[in-house]
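> A structural model of the following input is requested.
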Amino acid sequence: MAGAYDVIVCGGGPAGLIAAAAAARNGANTLLIERYGFVGGMSTSALVTPISEFRHFGKQHIGGIPFELLRKAAELGGADVSLESGNYPVNDEMLKLAAQRLLLESGVTLLYHSWFSDCVMEGDRVTHVIVQNKAGRVAYAADVFIDCTGDADLVRAAGFPTTKGDVLQPATLWFQLGGVDTDALDYLFRDAVDGMLPVSADIRDRLLALNEQGEIPIFGGPWINKFFRDGMVSINVLREATDASDPEWFTKTECSLRENLQLIIEILRREFPEFRDCWLAKSGIQTGVRESYHIVGLYELQRDDILFPKAFPDTIAKGAHVIDIHASDSNDQNGLVVPRQEYNVPFRCLVPQGSVNLVTAGRCLSADGPGFGSVRVMATCMAMGQGAGTAAALCSRYGYSMSDMNFAHLRETLIAQGAVVDFDNVVAPKAPIELTIYPAVKAAC
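Purely as a prediction, here's the structure:
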């Protein structure tokens, strides 16, 4: 036994760091366990940017602690929160610092370089998590636990049911380049339209031809974002089918994508004058993961819940991102649909069936394929984190069960801390925007 807390959060990604801050701010003695030496998850370890999305069709639907974090990063010069779309670019290094400050100022105890490995159960309750690190194998006790591992590691260790699709969304190794002619690419650095970031028709068409010829593997986009200074860009283009919960397969994926990274940089230099003098500034310390395990929750978020929002009384977050399913065997996006209105994410999607004191937040929530295709994005995961962390603090203090939450108390507390959780404003939205191909743009002649 290394310590005891009111709330323990496993995983310091976008959902986990916000969950820990929320729990601590609501009076819980909170421990955050993270395997790296910093927090931020996909936004920092995998370089995913922008963080999508805080606004939709001119209305902000995510506030509270997530938006506070982005403002902190902006004050350090590491985020742009002025974009009307609510897709906010971030500098991973500044976000690491902003998130660390947020957590320490909130009173969270951090435990870095530590890997969740197992748990102890008494009936349906988790009593301890077991952690492996350089000090050995130790246990921490808590009243309430939050699984923000992304892969439902704690949920699975506790014996609660999970599911995993036969076909998972592919993984992506993000990277940043210097030495790019960003003036020539200026047409790609505009704000997202209807949740869609600009993609160059010329660059995509040439890459499609090279893929057809067998010179490059399948790819996505490419989505090319200016990285805070002239000459630098952040790129999402590499794509490979994998299962990040299978260590042997995922190891092969990491190796394969780093080879493909070198290949794609050589192709960019050879084929496009804007990249002739480019150089690799940084790649993710890990490949970015979109999907693995999902919990079997008290409710499954579905496609119709995205496109035709429901007035869930237990709403703890909102989403609005396009339904965007990256194909694992082609260069396409499947099922592209833009909701016209922000939708409600119910707390029940975060609670494993039968759970007493364990809740989740982030991409392992309970959702079907199209529902997950929208709700998985980082801003929505952050909002889920505030909901889960607040619920955990209330459970610890008042003895609520996760499966029998006092929603009125949870809602009241979230609203007092700036979260947007209204659920009684559901209207009949305009018909969603359905697309068969991702829209591409051309440079002005």
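> what about Met1, how many residues close to it?
8 (other C-beta atoms under 10 Å). Any C-beta I mention is one placed from the backbone N, CA and C, and that applies to glycine too.
> For it, list the residues it contacts.
By C-beta atoms under 8 Å, 6 or more residues apart in numbering, the residues touching Met1 are 128, 138-141.
> where are the low-confidence patches of this protein?
445 (pLDDT under 70).
> by contact count, what packs against the longest strand that it contains?
The longest strand of the chain (DSSP state E) is strand 136-147. Contacts defined by 3 or more C-beta pairs under 8 Å, 6 or more residues apart in numbering; DSSP states H and E place strand 136-147 against strand 3-10, helix 14-25, strand 30-33, strand 115-122, strand 125-133, helix 153-157, strand 358-360, helix 378-398.
> That one pairs with which strands, and in what direction?
In the sheet, strand 136-147 lines up against strand 3-10 (parallel), strand 125-133 (antiparallel), strand 358-360 (parallel) (DSSP bridges).
> chain center to the last one, what's the gap?
Read that as strand 358-360. The chain centroid and the centroid of strand 358-360 are separated by 17 Å under C-alpha atoms, centre = their mean, to the nearest Å.
> what comes up buried for that strand?
358-360 (16 or more other C-beta atoms under 10 Å).
> now these as a markdown table including distance to Ser366?
Below are the buried residues of strand 358-360 laid out as a markdown table (distance: C-beta to C-beta, whole Å):
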| residue | distance to Ser366 |
| --- | --- |
| Leu358 | 13 |
| Val359 | 12 |
| Thr360 | 9 |
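> Among the residues you listed, pick out the one closest to Met232, please.
Thr360 (35.5 Å; C-beta to C-beta).
> rewinding a little: need the max-distance pair from the contacts of Met1.
Val138 and Ala141 (10.9 Å).
> For Cys278, the count of nearby residues, please.
For Cys278, using other C-beta under 10 Å, the count is 20.
> which residues does Gln302 contact?
Contacts of Gln302 by C-beta under 8 Å, 6+ apart are 367-368, 370-371.
> where's it relative to Thr413, distance?
27 Å (C-beta to C-beta, to the nearest Å).
> same question, Gly12
23 Å.
> Specify which residue of the two has the higher count of neighbours.
Between Gly12 and Thr413, Gly12 has the larger neighbour count (other C-beta under 10 Å), namely 31 against 20.
> Need the three-state assignment for the more buried one.
coil (DSSP: H, G, I helix; E, B strand; the rest coil).
> show me what contacts it?
Contacts of Gly12 by C-beta under 8 Å, 6+ apart are 20, 32-34, 36, 38-41, 99, 110, 148.
> Would you reformat the residues you listed as TSV and include distance to Phe189?
TSV is the format used below for the contacts of Gly12 (distance: C-beta to C-beta, whole Å):
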residue	distance to Phe189
Ala20	34
Leu32	35
Ile33	38
Glu34	32
Tyr36	30
Phe38	27
Val39	28
Gly40	23
Gly41	25
Ala99	25
Leu110	35
Cys148	32
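> Closest to Pro346 out of those?
Using C-beta to C-beta, those come closest to Pro346 at Cys148, 18.0 Å.
> Which residue comes closest to the closest one once chain neighbours are left out?
Nearest non-adjacent residue to Cys148, counting by C-beta to C-beta, 6 or more residues apart in numbering: Gly16, 3.1 Å away.
> hang on, isn't that neighbour packed against Leu154?
No. Under the criterion of C-beta atoms under 8 Å, Gly16 makes no contact with Leu154, lying 11.2 Å away.
> Of the two, which one has the most company?
Gly16 (30 against 27).
> The stretch 251-400 of the chain: helices as residue ranges?
303-307, 369-375, 378-398 (DSSP state H, counting those that start in this stretch).
> Out of the ones you listed, which one sits most buried?
Comparing the helices of the stretch 251-400 of the chain by mean neighbour count (mean count of other C-beta atoms under 10 Å), helix 378-398 ranks first with a mean of 27.
> Extract the C-alpha set from that one and format it as CSV.
Extracted in CSV, the C-alpha atoms of helix 378-398 (Å, rounded to 0.1, in the frame of the first residue of the first chain):
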residue,chain,number,x,y,z
MET,A,378,-10.7,15.5,-27.7
ALA,A,379,-12.8,18.5,-26.8
THR,A,380,-15.8,16.2,-26.1
CYS,A,381,-13.6,13.8,-24.2
MET,A,382,-12.5,16.7,-22.0
ALA,A,383,-16.1,17.7,-21.3
MET,A,384,-16.8,14.0,-20.4
GLY,A,385,-13.8,14.3,-18.1
GLN,A,386,-15.3,17.2,-16.2
GLY,A,387,-18.6,15.3,-15.8
ALA,A,388,-16.9,12.1,-14.6
GLY,A,389,-14.5,13.9,-12.2
THR,A,390,-17.4,15.9,-10.7
ALA,A,391,-19.5,12.7,-10.3
ALA,A,392,-16.6,10.9,-8.6
ALA,A,393,-16.1,13.7,-6.1
LEU,A,394,-19.9,13.6,-5.3
CYS,A,395,-19.8,9.8,-5.0
SER,A,396,-16.9,10.0,-2.6
ARG,A,397,-18.5,12.7,-0.4
TYR,A,398,-22.2,11.6,-0.4
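> Closest to the centroid, which residue in the chain?
Taking C-alpha atoms, centre = their mean, the centroid of the chain lies closest to Met378, which sits 3.1 Å from it.
> and which of the contacts of Gly12 is nearest to Arg258?
Tyr36 (18.3 Å).
> Is the closest one in a helix, a strand, or coil?
Quick answer, by three-state DSSP: Tyr36 is coil.
> isn't it right up against Tyr112?
Yes. Counting by C-beta under 8 Å, Tyr36 does reach Tyr112; the two are 6.8 Å apart.
> any shared contact partners between the two?
With C-beta under 8 Å, 6+ apart, Tyr36 and Tyr112 have no common neighbours.
> Measure how far stretch 77-91 is from the centre of its chain, please.
Per C-alpha atoms, centre = their mean, the centroid offset for stretch 77-91 relative to its chain is 16 Å.
> Apologies, that question was intended for stretch 117-128.
26 Å.
> list the buried ones in it?
So, applying 16+ other C-beta under 10 Å, buried residues of stretch 117-128: 119, 124-126, 128.
> rewinding a little: make a markdown table from the contacts of Met1 and add distance to Ile264 to it.
Below are these laid out as a markdown table (distance: C-beta to C-beta, whole Å):
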| residue | distance to Ile264 |
| --- | --- |
| His128 | 45 |
| Val138 | 42 |
| Ala139 | 44 |
| Tyr140 | 42 |
| Ala141 | 47 |
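> which of the residues you listed has the most neighbours?
In the contacts of Met1, the most neighbours by other C-beta under 10 Å go to Tyr140, 22 neighbours.
> Roughly how far does it sit from Lys282?
33 Å.
> Check Ser355 too.
39 Å.
> Phe160 now?
37 Å.
> of these two, who's got more company?
Phe160 (22 against 16).
> Can you classify the more buried one by secondary structure?
coil.
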